[in-house]
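K.L.:
sequence? don't have it. structure:
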């Protein structure tokens, strides 16, 4: 359901980020596959949760933003 565009396309990622900020050890990473609706909000993904630092994003072979990563400091 996270890849489907609903009323708030970033809501599933915000929920995951909140859990990851609590559950990950320092230096741990959260990597997520994203869909087209979320890729359009790439700038918002960078500051998804105050407990995680933006690390990188990767594009697929078609050039679409597909994977994003954060780290718990």
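P.N.:
Nice, I can see it. No experiment lies behind these values; they were computed from the predicted model shown.
K.L.:
Please make it C-alpha for all contacts and neighbour counts, starting now.
P.N.:
Will do.
K.L.:
Show the subsequent helix or strand relative to the helix ranked longest in the chain.
P.N.:
The single longest helix within the chain, with elements called by DSSP state H, is helix 11-23. Downstream of helix 11-23, the first helix or strand assigned by DSSP states H and E is strand 29-33.
K.L.:
Show me what that following strand packs onto, helices and strands only.
P.N.:
Applying 3 or more Cα pairs under 8 Å, 6 or more residues apart in numbering; DSSP states H and E, we find strand 29-33 packed against strand 65-71.
K.L.:
distance of the nearest residue to residue 65 once chain neighbours are set aside from residue 22?
P.N.:
Excluding the flanking residues, the one nearest residue 65 by Cα to Cα, 6 or more residues apart in numbering is residue 59, at 4.3 Å. If you measure residue 59 against residue 22 using Cα to Cα, to the nearest Å, the figure is 28 Å.
K.L.:
Same check on residue 68?
P.N.:
Plainly put, residue 68 is 19 Å away from residue 22 if you go by Cα to Cα.
K.L.:
Look at the two and report which has more neighbours.
P.N.:
residue 68 (20 against 12; other Cα atoms under 10 Å).
K.L.:
can you pull the contacts of the more buried one?
P.N.:
The contact partners of residue 68, by Cα atoms under 8 Å, 6 or more residues apart in numbering, come to 31, 32, 33, 34, 55, 56, 57, 58.
K.L.:
for the nearest residue to residue 10 once chain neighbours are set aside, phi and psi?
P.N.:
Leaving aside its sequence neighbours, residue 10 sits nearest to residue 38 (Cα to Cα, 6+ apart; 6.4 Å). Main-chain torsions, residue 38, degrees, to the nearest 10: phi -80, psi -40.
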